[in-house]
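> Got a sequence here, can you build the structure:
(one chain, ligands or ions: 1)
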Amino acid sequence: MPLLKGTSHINDRGVLTIGGVAADRLAERFGTPLFVYDEALIRERVRTFHRVLQAEGVDYDVAYACKAFCIRAMVELAQEEGLSLDVVSGGELYTAFISGFPPERIHFHGNNKSVEELELALQAGVGTIIVDNFVELERLAALIREGTCSRQGQPVNVLLRMTPGVHADTHAYISTGQEDSKFGFDLGSGQVAEAIRRVQEIPELRLTGLHMHIGSQIFSAAGYLAAVERLLGALPSLPQFSFDVLNLGGGFGIAHTEAEDAPPIETLLLDIVRGVKARFADAGYALPALWFEPGRSIVGEAGWTLYRVGSIKDLPGVRRYVAVDGGMSDNIRPALYGARYTALLANRAREAATETVTVAGKLCESGDVLIEAADLPPVRPGDLIAVPATGAYAFAMSSNYNRLPRPAVVFVRNGKARLVVRRETYADVVRFDRSLSADDEGSEDEASDDVGAFLKGEWG
Ligand code: LLP
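I've put the predicted structure just below:
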């Protein structure tokens, strides 16, 4: 069973055990569907980044791309493990604030940061803003002129996000380095040069370097290195700037099934770092600090989803549908990207897999299929199905479709399970609804300005 990573194993009772806690106990205690994270494995993945980059002797920073799984406990863990934090929205910023994450270690991303979001970032003293486009540059300059910034005369650090014009070998929806992308300044057409000129006209901004992110779920260094070659080729035609940081983004792929042959982080990271070093040396440039923004590779393999089996439908000669108590509302990836997963029968994991079944969700969509062909022992209603490698972009992209409450999340470690997100209730699901018979019209003021209030209290 190759996808048993980290602390996961099958115990004497034949039950999947994660972080020293058996899956059947977790399901009884916290209900299903349930996201279970192997905390030690997350920490191990983070430490691998630090270890490799320190051993390579490069100046570096690793920011956890929290879009992969943005909850308070994870942001706290990122801080404990010496990571910076990549956020892409006011909501992620707010999560960082309430988790006590140091603002100067936050990197703020996004292709359409609103004025309010930029204002928040400036007031909080966010460490680096990765500027994506010309409108954003103007918004930033205007806000700083109005005196929004909390940094008392200190310029705000910015990186410019560029699209280097390379195609990462991954799903089109998660490929972001090509020219025709909604993200960043295009290198080939001169937008990067123009952006550098404009930033340099704004004394309140300090350009510290460039950013690129060519895509996600990538297995080889080739795309990163092709992008760096493009950049180095273009450098002589760019205005002079102090190139202190090259942010290479995230994108490190993981295996979701036994068939996927993802390289270990060490391998991909070493290939990239050594390749970048060599290319800078060949071109005669000093190596800037190398920054990375991994999301999936930090949390993906550590996360499991536990489901309870409900109905089973046989179509003789066609297939057997095994329906579980979640589905596309907690993992949209199969429906959205055709992503493939495998499953374990968590409560009888040692029994021989003699059936190939289709694991379907409970949502009202024919496309709500989690696994097209899962090899499992004979499945019965009440069994527990565990899907590995669901730690990234599953809970993060979950929804209340069909008004399903979102699952709970637990972190397990050394035989202890800690609830880090409680399961939604039906009351939670309807909490923003207003009755047609309410006598007032309602207003947006009812949505309290949490972040503004928070900032006034903390930093005001
Ligand atoms: N940095 C930037 C600028 C990004 O846009 C992303 C991901 C990352 C870092 C982190 O990439 P990672 O290391 O996680 O590959 N929902 C999709 C993935 C979308 C990725 C978006 N950007 C999925 O489920 O596959």
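
> Helix, strand or coil: sort out Ala353 for me.
Of the three states, Ala353 takes coil under DSSP: H, G, I helix; E, B strand; the rest coil.

> Can you give me every residue that contacts the closest residue in space to it that isn't next to it in sequence?
Nearest non-adjacent residue to Ala353, counting by Cβ to Cβ, 6 or more residues apart in numbering: Asp375, 4.1 Å away. Heads up, the C-betas are built off the backbone N, CA and C, glycines and all. Contact partners of Asp375, counting by Cβ atoms under 8 Å, 6 or more residues apart in numbering, are 342, 353, 355-356.

> next helix or strand past the host helix or strand of Asp375?
Using DSSP states H and E, Asp375 sits within strand 369-376. Going down the chain from strand 369-376, the next helix or strand is strand 384-387, by DSSP H and E.

> Give me the mean pLDDT for the helix or strand that that following strand is followed by.
As assigned by DSSP H and E, the chain's next helix or strand after strand 384-387 is strand 408-413. Taken as a whole, strand 408-413 has a mean pLDDT of 98.

> What is the helix or strand just after strand 408-413 packed up against?
Sequence order places strand 416-421 as the next helix or strand after strand 408-413, per DSSP H and E. Counting contacts by 3 or more Cβ pairs under 8 Å, 6 or more residues apart in numbering; DSSP states H and E, strand 416-421 is packed against helix 23-30, strand 34-38, helix 72-80, strand 408-413.

> Those residues of this protein touching the ligand, which are they?
Proximity of the chain to the ligand, by Cβ under 6 Å from any ligand atom, involves residues 65, 67-68, 86, 109, 174, 213, 216-217, 249-252, 293-297, 333, 392-393.

> now do 5 Å
65, 68, 174, 213, 216, 249-251, 293-296, 393 (Cβ under 5 Å from any ligand atom).

> circling back: which pair of the contacts of Asp375 spans the longest distance?
Largest separation among the contacts of Asp375 by Cβ to Cβ: Thr342 and Glu355, giving 13.9 Å.

> So if I had to pick from those two, which one is more boxed in?
Neighbour totals were compared for Thr342 and Glu355, and Thr342 leads with 23 against 14 (other Cβ atoms under 10 Å).

> which residues sit in contact with the residue nearest to that one when sequence neighbours are not counted?
Computed as Cβ to Cβ, 6+ apart, the closest residue to Thr342 that is not its neighbour in sequence is Thr257, at 4.8 Å. With contacts defined as Cβ under 8 Å, 6+ apart, Thr257 is in contact with 3, 340-342, 389.

> ditto for Val131
Val131 sits in contact with 137, 140, 158-161, 195, 199, where contact means Cβ under 8 Å, 6+ apart.

> what's the pLDDT at the closest residue to it other than its chain neighbours?
Excluding the flanking residues, the one nearest Val131 by Cβ to Cβ, 6+ apart is Val158, at 5.0 Å. Reported pLDDT at Val158 in the predicted model: 97.

> who does the host helix or strand of Val158 pair up with?
Using DSSP H and E, Val158 sits in strand 156-163. Paired with strand 156-163 in the same sheet, following DSSP bridges, are strand 128-131 (parallel), strand 185-186 (parallel), strand 205-211 (parallel).

> Format those strands as TSV; extra columns: mean pLDDT and distance to Ile371.
Below are these laid out as TSV (pLDDT from 0 to 100; distance: least, Cβ to Cβ, whole Å):
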stretch	mean pLDDT	distance to Ile371
strand 128-131	98	36
strand 185-186	95	39
strand 205-211	97	36
